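**Student:** Quick one: sequence plus predicted model below, questions after.
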Amino acid sequence: MVIAAPITGIAETATSPITDKRWHRLVVPGVVIIAIIAVGYAIGHEVPTWLDAHVKAKVDQAYQWTVLHGDTNWLFTDVFDPIGHAISWSTDHLLSLLRTLRWPGVLVLTALIGYRTGGQRAALTGVIVLSGCGLLGFWDHTMITLSLMLVSVVIALAVGIPLGIWAGLSDRAEKVMRGILDTAQVMPLYVYILPLVVVFGIGAPAAVIATIIYAVPPAVRITSLGIRGVAGTSTEVGSSFGCTGPQLLLKIRLPLARRAVLLGVNQVIMMAFGIVVYASLIGAAGLGNDVLTGLQKVDVGRAFAPGLAIVFAAIAIDRITTGQRPQRIVSDTVASRPGALLGRRFMMPLLAVGSLIAVAVVAKLLKADHFPSSLTVDVSKPVNDAADWVGRHFRKGVPIVGGTESFSDFVVINFLTPARDLLQHAAWYIIVAAVAAIGWASGGWRLGLVCGASFVGIGALRVWDLAMDTLSQVLVAVVISLLVAIPLGIWAARSITVERILRPLLDVAQVMPAFVYLVPVIFLFNVGRVPGVVASVIYAIPPGIRLTTLGLRQVPEAPREAAISFGATPRQELLKVQLPLATRAMMLAVNQTIIMCLSIVVVAALIGAGGLGLETVYGLTKKQIGQGTAGGLAIVLLAIVLDRITQAWGSRSNRRAGAQTWAQRRFSRGPGLTL
Amino acid sequence: MKKRTTRTARWLLAGALVAVAAGCGSDAKKGASPATDSGAAGAPITLAVNPWTGSAVNANVAKVILETKLNTKTTLLDIDENATWPGLDKGSIDAVLEVWPSGHAADVTTYIDQKKSVVKIGLLGPDAKIGWYVPTALLKDHPTLATWEGFKDPATAKLFATAESGDKGQFLMGDPSYVSYDEQIIKNLNLPLKFVVAGSEAALITAIQKATTDGTPLLMQFWQPHWLQSKVKLTQIKLPDVTDACLASAAAKDGKFACDYPVDHLFKAASAKLEAKNAKAFALLSKIQLTTDQQNEIASMVDGDKMTPEAAATKWIAANPAIVAAWLK
């Protein structure tokens, strides 16, 4: 069941009408795969002991050296320490600026930014949602979190956009960066957070650097995509008029890629919010801390309230930076406006700033230092009550299906354990050969090579069995996620009401820190791998649903109308017209679901999933940085293999549709709310 | 293009104006320090608070005394216990008042023994004890489970079986970072148990709460002192006595550990820079000691009566002036 999909992939290739040429193409890879198996058989059933990259020992050595000698080395005293100090200085001052504006001022600022990027609607939504943080009683902590986020975001953009431009202009740069970006995005934070603390210091510096590492990839990718998306004719016109390289970039490419760059800004912010709780592990105060306190007391409500505040802050910032308002094209009428309007154009910013200062001053005079406590709502009690009720009624004794606990055992016994046994007991070379074969069938010999080599790499990291354990869990989680997401996505595509109901729920599922729902999940399901799978499913279904809906919505009207006019029932129209035409988006949904499941492997390990996730947790909790790094790299390799294979499926069906998978993919990645 | 540049410039100018205005409007609190008992203010101190109530209690007791008696501004920093050590090393954290030695042997070697950037400043007072636990209610029907020998019987051990542990009984451990000899104990005592990691303390506590609510069997690693001990009834299982040979095998990491966990003497640690930075605070922090009962008393004000740790500490200090005075001598 679990690996059925890839296998049918091969079967399809093999049995589809084979021309002579096609048949010839099967020979070489077939021989290679037989050769892999033969060599593997000669080596033995287990990963051989000489296949060892010694990652663990090397990393541990480097870490120990850093701890003992970091203080006196010039790299630390002259480079890292000043960086750390500069970051602390920035976050401190930004926080005092936010505090000086006081809550009315911050809300006005939100409204102004929202108005400028997205008009009245964005301004209003931003203000209302951000007020939610205050209503929950977390205004001050939200400001602490925001100051950290904003500093991280500014630096991430300052690094990411130039890199993105470079990647957009140079294929070689793009190739080199791709691997690094994949690693930065998938490598679990637990692996490198303690080294960052050692290098940059506890609190803001390490937290900001960690956030930057995590948030830079979307900035680079989306900028590069925007630059590449600029039509060739535009640049050709530029060249023919004699533009120099820098002129082409500054006057044609960048302005035309402006929308993509703005989207990059938005995605960076959303990614940054994904790290709030981790940042608090290393001494960055704010909302993350409140979530951890609730978790420590195993108090669902107390973790949920700050979690919700994080969601509100993220949504508010998302809405005021998405820029829904139609963007003015650079060369619009600004240049040709009569001089009379010049005054007004100068007035607007002045007016905005003036009102901001006025509000801040009034707030100061009225001593509106804290968000009025009379307005705050305590949600923790109702949440706890609700969680208790669910826990009492769904764990067992539900007619027919039993309850969540028996479901949990059912999944372990029938899916998780057999899948793990299959992957762990199979000889390692068989798995390598199978993965290489799937890669080759999906995207040609290059991909086959990458896949096979990645799995050999996992062997060399000395974490083979753990990787197979994690892979089995990820596959089960992906299957369950898709079984939930695709029907819901189809439903949402066919009913606007369903979509309206789902949208805020998906936003919450995507931004709510997983730490918040760990406790209820363990309470409902037995400790072990199932809670981990459930947490992955919660995290992975939003992109699945969104992409399915998007794909179906994007099916052009013409074929649908044609089908209807030929008397197709709604069911036929869905199954025979819409779904086939939306294959590309569906493949994208599969791809994103897999990446999401892999990116939450560590969190799953915190509730009993074990596997590679637990290895990386040791990176922080047992100071086994080497062990953590090996586990983290293996997760990255798994992600690369699964990502490239499913991407290849997408672009294969894409060739017919003629659109740009990669673009879609990147635009929808991350806890972005852009879809 | 030029128009765009000027537009950007205008907004930058506007932003600068806000910043300036903010600077002017900034609350000038400098100089207005709170009135306190004694003389000159000491250099400000940062104390680590690790994520459990005991740690918050000790740190808050110290904070209140430092601020009211020594006129030393004290910041409490919530931080993971492992990230605390690099903080002490750099001096960005001045002290941590409750270290569980079992989990930090490597840190003690690296920072205290080798690098000497962190110093031990005495024992905190309470002793901690890790052990094997079952819900007390379970012993009514299965009295043999009070000692480890009761688990030798596969049929009894099977009471603890779950989907994850298969035929064997499940032994549950919480946070993988905590010290654990459980796998060795199981193997060396030949018990039909399977070691399962819950992944975090929260996961373990949830499992315990479930087991005690439902009355289902559960065998796990747990410890004293812990706030949960006052909420649910748990019984520690008697493991073979601690012997010198057993401790030696723990130190040698030879995998032959087969006895109960030794007692943990909680200790305090400070940055090596603290004594020079604020000698009075260093002296106070070195002297602070709480008994297990005293710590529990304050902790129950926090966990039971829902007071903030600072309010609880203030209340306890007001009620125990003699103890505090002795620390300040």
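**Tutor:** That came through, no problem.
**Student:** Only C-alpha atoms from now on, for both contacts and neighbour counts.
**Tutor:** Will do.
**Student:** The closest residue to B:S165 other than its chain neighbours: how many residues sit nearby?
**Tutor:** Among residues not flanking B:S165 along the chain, B:K194 sits closest, at 5.8 Å (C-alpha to C-alpha, 6 or more residues apart in numbering or on different chains). Close neighbours of B:K194, defined as other C-alpha atoms under 10 Å in any protein chain shown, add up to 23.
**Student:** can I assume B:K194 sits in a strand?
**Tutor:** Yes. Counting by DSSP: H, G, I helix; E, B strand; the rest coil, B:K194 is found in a strand.
**Student:** Run through the bridge partners of it.
**Tutor:** Counting by DSSP bridges, B:K194 is bridged to B:Q170.
**Student:** in terms of contact, does it touch B:K168 like I think?
**Tutor:** Yes. B:K194 lies in contact with B:K168 (C-alpha atoms under 8 Å); the separation is 5.9 Å.
**Student:** In the stretch 301-450 of chain A, where is pLDDT below threshold?
**Tutor:** A:323-346 (pLDDT under 70).
**Student:** Tell me which residue of it lies closest to chain B.
**Tutor:** Relative to chain B, the nearest point of the stretch 301-450 of chain A is A:D409 (5.4 Å; C-alpha to the nearest C-alpha).
**Student:** Not counting sequence-adjacent ones, nearest residue to that residue?
**Tutor:** Using C-alpha to C-alpha, 6+ apart and skipping residues adjacent in sequence, the residue nearest A:D409 is B:A163, 5.4 Å away.
**Student:** give the contact list for that neighbour.
**Tutor:** In this structure, B:A163 makes contact with A:409, A:412-413, judged by C-alpha atoms under 8 Å, 6 or more residues apart in numbering or on different chains.
**Student:** one step back: the residue of the stretch 301-450 of chain A closest to chain B - how many residues pack around it?
**Tutor:** Counted with other C-alpha under 10 Å, residues neighbouring A:D409 total 20.
**Student:** surely A:D469 meets A:P418?
**Tutor:** No. With contacts counted by C-alpha under 8 Å, A:D469 stays clear of A:P418, the gap being 10.6 Å.
**Student:** the more surrounded of those two?
**Tutor:** The neighbour comparison of A:D469 against A:P418 (other C-alpha under 10 Å) goes to A:D469, with 23 against 14.
**Student:** Which helix or strand contains the more buried one?
**Tutor:** Assessed by DSSP states H and E, A:D469 sits inside helix A:464-494.
**Student:** Which secondary structure elements does that helix sit against?
**Tutor:** On a contact count with 3 or more C-alpha pairs under 8 Å, 6 or more residues apart in numbering or on different chains; DSSP states H and E, helix A:464-494 meets helix A:417-425, helix A:496-511, helix A:529-553, helix A:583-599, helix A:611-621, helix A:625-657.
**Student:** Chain B is nearest to which of those helices?
**Tutor:** Closest approach to chain B among the helices and strands packed on helix A:464-494 is made by helix A:611-621 (4.9 Å; C-alpha to the nearest C-alpha).
**Student:** could you check the angle helix A:529-553 makes with the closest one?
**Tutor:** Orientation of helix A:611-621 against helix A:529-553 (axes from the mean of the first three to the mean of the last three C-alpha atoms, to 10 degrees) gives an angle of 110 degrees.
**Student:** got the contact list for helix A:611-621?
**Tutor:** By C-alpha under 8 Å, 6+ apart, the residues outside helix A:611-621 that reach it are A:188, A:190-194, A:463, A:466-467, A:469-470, A:601-606, A:624-632, A:634-635, B:82-83, B:176-177, B:199.
**Student:** Kindly report the same for stretch B:320-329.
**Tutor:** Contact with stretch B:320-329 is made by B:65, B:284, B:287-288, B:317, as judged by C-alpha under 8 Å, 6+ apart.
**Student:** Pass me the low-pLDDT residue ranges in the stretch 1-150 of chain B, would you?
**Tutor:** By pLDDT under 70, the low-scoring segments of the stretch 1-150 of chain B are B:1-40.
**Student:** Would you map the strands across it?
**Tutor:** Along the stretch 1-150 of chain B, counting by DSSP state E, counting those that start in this stretch, strands occupy B:42-49, B:72-78, B:95-99, B:118-135.
**Student:** Buried deepest among the ones you listed, which one?
**Tutor:** Mean neighbour count (mean count of other C-alpha atoms under 10 Å in any protein chain shown) peaks for strand B:95-99 among the strands of the stretch 1-150 of chain B, with a mean of 26.
**Student:** now what about that one, what contacts it?
**Tutor:** Residues from elsewhere that reach strand B:95-99 (C-alpha under 8 Å, 6+ apart): B:46-49, B:54-55, B:58-59, B:84, B:88, B:124, B:266-271, B:285.
**Student:** Just the CA trace of that strand, in PDB.
**Tutor:** Output of strand B:95-99 as PDB, limited to C-alpha atoms (Å, rounded to 0.1, in the frame of the first residue of the first chain):
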ATOM      1  CA  ALA B  95      24.100  31.900  37.800                       C
ATOM      2  CA  VAL B  96      21.700  29.000  37.800                       C
ATOM      3  CA  LEU B  97      20.500  27.700  41.200                       C
ATOM      4  CA  GLU B  98      19.300  24.200  40.400                       C
ATOM      5  CA  VAL B  99      21.400  21.800  38.400                       C
END
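**Student:** Measure how that strand sits relative to strand B:42-49, angle-wise.
**Tutor:** Relative orientation of strand B:95-99 versus strand B:42-49 (the same axes, to 10 degrees): 30 degrees.
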